[in-house]
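> quick check, what structure comes out for this input:
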Amino acid sequence: MTASLPGPQDGPHGEQARYEDGTLFDEIHYLECKLILKPERFTSAQAFRDYAALVRQVAAAVGVGLDESGVAGMRPSLREVAFLDTADFRLYNNAFILRRRDAYEDHFPVGDPEIVFKFRHPDRANATALDVRPKIAGNYRIKFKAEALPLRDQVGGHRLLYSHNAQFGLSQMPEGERLSMTFLARLFPALERLKSSDDEQIELVHQTVVEEVLQELGVLDFGRGVLAKCNVALWRTRAEHTPLCGEFAYQAKFKRRDDLGQKALDRCRRFFLELQQAGHDWLALGTTKTGMVYRLHGNQPQAHE
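Reported below is the predicted structural model:
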């Protein structure tokens, strides 16, 4: 985990690498660790409390602080997540993810729906070199993450994916035929090579909207100022409320790789591995939340996850 979080990427002659317009390559500023959990464990809100107790136990055992003061009495929040793709999953098969997420409060939508365009790949150089910046006049944010997941087939290790994201509110998206690949290729030029015709459309993946029930668990403290908010979530289909998977995640933000410190990273890694061991009967290996949605109804698209 530590060796895979290098500093800025250099070009062929030692200078810092740049995109076509001369902008320096984006750098990784987030480390996010994720454990996908079995959906059958989530039959009620008690499952969130049970997993919180496990997190508390493992954190204490490995010397990681856990501040729960800010989440005392907090109830789970609700969001809806929808994925958009071509009928043959061409985006996902080429390591792209296009997602819309809507937040709800007291059963009503609040705020500006969030659009996320993501290139997620196991090779850091490929993820870095892909320019995800949208061609919009409005505001957007770039988030480049190293994502740690368990090994695909066994408990007690980790693998890394690199997630290069552009995020913006739906209100910032220009008007147009938003379900057209031509429109999307103008918005995200990286998709131009995937377009098969000028009139090609995208659609809701499996015509499914995911309901995300998320419980904040507090802030993990790995030392040297390395803090990570953590939460546990359930993903289920909105119409049938069929559980798809759970997820425990925590994320640390940093300006420079050196800000993390070796001891803090080692503690982060140990917590990640020990939590797998202690909660091995919770784990669902070899997938991601997005992968679960794409594999509904027995479909097996290709992926880089």
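> now do the strands in the stretch 1-150 of the chain.
In the stretch 1-150 of the chain, the segments counted as strands under DSSP state E, counting those that start in this stretch are 30-37, 65-67, 77-85, 96-105, 108-121, 141-149.
> just the buried residues of the shortest one, please?
Of the residues in strand 65-67, those buried by neighbour count under the rule 16 or more other Cβ atoms under 10 Å are Leu66. Where you see a C-beta, it was placed from the backbone N, CA and C, and this is true even at glycine.
> could you do stretch 84-100 as well?
Across stretch 84-100, burial judged by 16+ other Cβ under 10 Å covers 84-86, 89-100.
> make CSV out of the strands of the stretch 1-150 of the chain and add mean pLDDT and distance to Met181.
As requested, these are exported to CSV (pLDDT from 0 to 100; distance: least, Cβ to Cβ, whole Å):
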stretch, mean pLDDT, distance to Met181
strand 30-37, 97, 29
strand 65-67, 98, 45
strand 77-85, 97, 10
strand 96-105, 96, 11
strand 108-121, 96, 13
strand 141-149, 97, 23
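> which of those sits most buried?
Greatest average neighbour count among these goes to strand 30-37 (a mean of 21), per mean count of other Cβ atoms under 10 Å.
> can you give me the offset of that one from its chain's centre?
In terms of Cα atoms, centre = their mean, to the nearest Å, the centre of strand 30-37 is set 8 Å apart from its chain centre.
> for the buried residues of stretch 84-100, which one is nearest Ser69?
Lowest distance from Ser69 to those (Cβ to Cβ) belongs to Arg99, with 31.7 Å.
> I figured that closest one was touching Lys118, is that so?
Yes. With contact defined as Cβ atoms under 8 Å, Arg99 counts as touching Lys118 (7.1 Å).
> looking at this, Phe183 is in a strand?
No. Counting by DSSP: H, G, I helix; E, B strand; the rest coil, Phe183 is not part of a strand but helix.
> sorry, back to before: relative to Leu275, which of the strands of the stretch 1-150 of the chain is closest?
Evaluated over the strands of the stretch 1-150 of the chain, closeness to Leu275 peaks at strand 30-37, with 6.7 Å, by Cβ to Cβ.
> out of the strands of the stretch 1-150 of the chain, the one nearest Arg193 is which?
With Cβ to Cβ as the measure, strand 96-105 is the member of the strands of the stretch 1-150 of the chain nearest Arg193 (10.8 Å).
> what angle separates that closest one from strand 108-121?
Relative orientation of strand 96-105 and strand 108-121, computed by axes from the mean of the first three to the mean of the last three Cα atoms, to 10 degrees: 160 degrees.
> with just CA atoms, put strand 96-105 into CSV.
Output of strand 96-105 as CSV, limited to C-alpha atoms (Å, rounded to 0.1, in the frame of the first residue of the first chain):
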residue,chain,number,x,y,z
PHE,A,96,-15.0,4.3,-17.3
ILE,A,97,-17.8,4.9,-14.9
LEU,A,98,-20.6,7.5,-15.3
ARG,A,99,-22.7,7.9,-12.2
ARG,A,100,-25.4,10.2,-10.9
ARG,A,101,-26.1,10.4,-7.1
ASP,A,102,-29.0,12.1,-5.4
ALA,A,103,-29.2,12.9,-1.7
TYR,A,104,-32.4,12.6,0.3
GLU,A,105,-33.5,14.2,3.6
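> got the angle between it and strand 77-85?
Using the same axes, to 10 degrees, strand 96-105 lies at 150 degrees relative to strand 77-85.
> partners of the longest strand anywhere in the chain in the sheet?
Determined from DSSP state E, the single longest strand within the chain is strand 203-221. Counting by DSSP bridges, the strands paired with strand 203-221 are strand 65-67 (antiparallel), strand 77-85 (antiparallel), strand 227-237 (antiparallel).
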